[in-house]
Every structure is written in C-alpha cells, then in structure tokens.
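Student: What follows is a predicted protein model with its sequence.
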Amino acid sequence: MNSTRPHVLVVGAGPAGLVAALTLLQNGIPVRIIDKDPNPRIGQRGPGIAPRSLELFNFLDVPEVNELGKPMPIVRSFKLGTLESPKESSMVPDLEPTPAIPFHIPKMMGQQLLDVILRRHLEKFSCAVEMGTELRSFEQSDEGVTTVLAKNGILETFDTKWVIGADGAKGIVRKHLGLTFLGETREDVRMVMGDIRLRGVGLDRTYWHRFGTMKRGLSLRPTDEVGEDGWQFIISDNDVDLTKVAQSEELIFETITSLVPTEVTFNKLVWVSEYRANIRMVNKFSEGRVFVAGDAAHVHSPTGGTQFKYTRCCQSRLEACARRKRTRRQVSP
Ligand SMILES: Cc1cc2nc3c(=O)[nH]c(=O)nc-3n(C[C@H](O)[C@H](O)[C@H](O)COP(=O)(O)OP(=O)(O)OC[C@H]3O[C@@H](n4cnc5c(N)ncnc54)[C@H](O)[C@@H]3O)c2cc1C
C-alpha cells in the first residue's frame with residue numbers, strides 16, 4: 001500500500017462523516033472523504049443541536065455552531081381551525097448556564113448550514129469532500145482495506161488502512177459488514193417534512209407554530225436560514241397518503257392551506273422528504289478495520305432522540321448536582 005495515501009477513508013459527508021474527518025485531521029491523521037451525491041445537500045433536516053453536541057463542537061474548535069445556532073423558539077399550539085388562544089410552551093427547561101454546564105440549552109441550526117461550516121473547517125487542512133464519488137464495495141485484510149469507488153462511471157481501486165462508514169441509515173458499509181440493524185419501523189409515525197417559503201396573515205415569526213396533533217397536524221418553525229419568509233414544516237396526517245403528498249408541490253400547498261386557518265401566500269418549496277420513524281441500532285460498531293458511525297449505526301424517532309437525550313442529560317446532571325449538594329450539607333459542620 002502507498003504510505004502517502006490517506007490512512008482513513010470516510011464514506012459519506014453528512015454531519016457524522018464531516019465530524020469524523022475533522023476530528024482525525026485535527027489529530028494529524030490524513031483522511032479522504034467522499035460522498036455519492038454530486039452536490040452538497042440542501043434541507044434543514046434535523047436542526048436540533050443538543051447541548052452535548054455543542055460541547056463537542058467547542059472541543060473541535062467549531063464555535064460557529066453555538067454562535068450562529070438559534071435558541072428553540074417558544075411553541076404556540078393551536079387547535080385545528082383556529083388562530084385564537086394558543087397554548088404556549090417551551091421545549092427546554094428553564095436553566096442558567098454554569099461553569100460546569102456552559103452549553104445548557106439546545107440550539108437550532110439546519111444541517112445545510114452545519115455542513116457548510118464543517119466543510120470550511122476541513123478546508124483549513126486542505127481537505128475537500130469529493131462529491132459524486134460512491135463506495136461500491138470493499139474487502140479487508142489484516143493490513144488494510146481495498147475499496148472500489150465510482151465517479152462519473154469510472155471505477156477506482158483505493159487502498160487505505162481504515163474505513164469509516166458514515167453513509168446514513170441505508171448505506172452499504174453496514175450491510176457489507178453483515179452487521180444487524182435490529183429495532184422497529186413505526187409505520188404509524190409518518191410525516192412529510194421540508195423547507196418552505198411562505199407568508200401567512202397572523203403567523204408571528206418569533207414563535208414555533210403547531211396546529212392540531214401528531215395524528216393530524218402541522219408544525220411550522222420559522223428559520224431565516226431558508227429566507228426571511230422561511231419555515232421548516234412537518235405535516236402529519238394518519239388519514240391521507242403522505243407518500244403522494246410528498247411528491248406533489250400542489251398537494252403540499254393544499255395540505256398546509258387546509259391546516260392553517262389564515263390566508264397563506266406560498267413563495268417556494270425549497271426541499272421536501274417523507275419520513276417514517278425508525279428505531280434501530282447495530283450489534284457492533286466495527287468489524288476489523290471498518291467502522292460505522294452516525295445513522296449508519298443507529299437511528300431513532302425524532303421525538304425520542306434529541307429531546308430524550310437532552311432531557312436525560314439534564315436530568316442526570318441535575319441529579320448529580322443535587323447529590324453533590326446533599327453530600328456537602330452532610331459534611332459541613
Ligand atoms: C424528522 C427528523 C428530525 C430530526 N431531527 C433531528 C434533530 O433535531 N437533531 C438531530 O441531531 N438529529 C435529528 N434527526 C436525525 C439527523 O437528521 C440524522 O441523525 C443525521 O442526518 C445523520 O447524519 P449522518 O451523517 O449519519 O448521515 P446522513 O446525513 O444520512 O449522511 C449520509 C451521507 O452518506 C452519503 N452516502 C450514502 N451512501 C454512500 C456511498 N455508498 N458512497 C458515498 N457516499 C454515500 C449520502 O449521500 C449522505 O450524504 C432528525 C431526523 C429526522 C428524519
């Protein structure tokens with residue numbers, strides 16, 4: 001194997017692959033990072049950055065995530081068909097930062113912007129994501145991994161020492177390793193999510209709006225990352241074919257109009273995706289010289305991921321804090 005070649009091939013340039021590449025480069029380990037998409041992805045996707053992730057970005061010297069990320073807006077929940085008497089709630093506990101917990105609240109940042117920030121940090125190490133480059137197969141031995149990559153229909157054999165499969169939930173690395181991905185797919189939790197530009201009479205951009213319920217409802221989160229009239233939307237409706245809705249701009253506009261009781265002007269549908277809740281995990285995170293990371297290794301329901309992790313994290317820290325206080329009281333004269 002040519003020793004000047006990068007020691008690690010990172011497959012996939014979503015958040016997990018970009019963070020893996022940056023971490024290795026900062027530790028003096030050369031990396032090659034590829035993504036099969038020809039262009040950087042658009043879409044806010046999962047925008048909630050939990051406090052622990054903010055801490056990790058701080059350690060990685062990526063301050064922009066905390067600086068540019070926005071606090072979660074107050075949620076205004078409306079009954080379907082009305083813009084009157086909303087219930088207001090906060091998704092985050094009322095905590096102050098402390099020296100021990102400086103990053104105490106989650107921030108909102110779309111993955112599109114997060115990816116741009118992380119790519120800029122990779123550039124400092126003269127590392128660029130090779131777009132339109134797909135991992136097709138690989139074989140490993142005690143000495144290294146031989147991979148087959150495809151770009152513009154041309155195959156390349158690339159030898160490396162280690163591979164990190166950050167190629168998402170449907171990626172080939174996990175499958176090729178024969179790892180299990182046990183768990184469940186919740187057919188009853190379906191939604192259409194996306195980024196949209198619209199204006200609605202009476203929609204206040206300082207609030208996150210929720211109309212109806214998870215069975216039939218709409219979430220509209222204002223986000224300037226999409227535009228001054230930009231929102232991330234989530235449509236849920238157990239009674240309609242959401243696959244059909246996700247494929248039609250007209251149906252998306254119609255559905256939103258039916259769920260928001262005010263005059264809405266649609267400017268642009270920027271990105272859309274259909275989502276089914278998946279809760280799955282691998283039986284192990286590596287086999288020989290090949291690792292899996294991010295969604296390739298574990299996926300969860302959006303309602304059970306960030307918030308759950310955040311609540312548990314805060315809960316365990318508060319419990320630890322209370323324990324320390326109790327101990328201090330016991331030892332003080
Ligand atoms: C509705 C919803 C809400 C969510 N909300 C949140 C949230 O608030 N906070 C949060 O932290 N997470 C959230 N998530 C989860 C979050 O979006 C994912 O965990 C995250 O995108 C996973 O990142 P990743 O880098 O592992 O994979 P991905 O982002 O899926 O990236 C994988 C990359 O690998 C590339 N690839 C695939 N196969 C190959 C190949 N063979 N060769 C080369 N490249 C390949 C793909 O093109 C892709 O770019 C949410 C998810 C959903 C669906």
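Tutor: Structure received.

Student: and this protein, which of its residues are near the ligand?
Tutor: 11-17, 34-37, 41, 45-48, 111, 134-135, 166-168, 171-172, 193, 275, 294-295, 302, 305-306 (C-beta under 6 Å from any ligand atom). For every residue, glycine as well, the C-beta is placed using N, CA and C.

Student: Quick one, which of those are buried?
Tutor: By neighbour count, with 16 or more other C-beta atoms under 10 Å, the residues of the chain next to the ligand hold 11-17, 34-36, 45-48, 111, 135, 166-168, 171-172, 193, 275, 294-295, 302, 305-306 as buried.

Student: From the residues of the chain next to the ligand, which land in helices?
Tutor: 15-17, 111, 172, 306 (DSSP state H).

Student: Would you point out the most distant pair within those?
Tutor: Largest separation among those by C-beta to C-beta: I172 and T306, giving 26.7 Å.

Student: give me the low-pLDDT residue ranges for the stretch 101-250 of the chain?
Tutor: Judged against pLDDT under 70, the stretch 101-250 of the chain has no low-scoring part.

Student: Could you tell me how many residues sit around L80?
Tutor: 14 (other C-beta atoms under 10 Å).

Student: Verify the stated contact: it with K215.
Tutor: No. With contact defined as C-beta atoms under 8 Å, L80 does not reach K215; the gap is 10.4 Å.

Student: Let's see which of the residues of the chain next to the ligand end up in strands.
Tutor: 11, 34, 48, 134-135, 193, 275 (DSSP state E).

Student: from those residues, which single one is nearest the ligand?
Tutor: G48 (2.8 Å; C-beta to the nearest ligand atom).

Student: correct me, but that closest one touches M108?
Tutor: Yes. Look at G48 against M108 with C-beta under 8 Å: they come within range, at 6.3 Å.

Student: so what sits against both of these two?
Tutor: Applying C-beta atoms under 8 Å, 6 or more residues apart in numbering, one finds that G48 and M108 are jointly contacted by M72.

Student: Report pLDDT for the closest residue to the ligand within the stretch 151-300 of the chain.
Tutor: Residue nearest to the ligand within the stretch 151-300 of the chain (C-beta to the nearest ligand atom): G294, separated by 2.2 Å. G294 carries a pLDDT value of 96.

Student: give me every residue that touches the closest residue to it other than its chain neighbours.
Tutor: Nearest residue to G294, sequence neighbours excluded (C-beta to C-beta, 6 or more residues apart in numbering): A16, at 2.5 Å. Counting by C-beta under 8 Å, 6+ apart, A16 makes contact with 166, 293-296.

Student: can we see that at 7 Å?
Tutor: A16 makes contact with 166, 293-295, according to C-beta atoms under 7 Å, 6 or more residues apart in numbering.

Student: Which one of the residues you listed is nearest to V264?
Tutor: Of all the contacts of A16, V264 sits closest to D295, with 32.9 Å by C-beta to C-beta.

Student: gap between that closest one and L135?
Tutor: Distance of D295 to L135, given as C-beta to C-beta, to the nearest Å: 16 Å.

Student: got it, and E250?
Tutor: Here E250 is placed at a distance of 37 Å from L135 (C-beta to C-beta).

Student: L198 now?
Tutor: For L198, the distance to L135 - C-beta to C-beta - is 38 Å.

Student: Next one: the closest residue to V129 other than its chain neighbours from R32, what distance?
Tutor: Spatial nearest neighbour of V129, excluding adjacent residues (C-beta to C-beta, 6+ apart): A13 at 4.3 Å. Distance, A13 to R32, using C-beta to C-beta: 11 Å.

Student: tell me the domain ranges of the chain?
Tutor: Following automatic domain parsing, one gets these domains for the chain: 8-73+108-181+279-312, 188-278.
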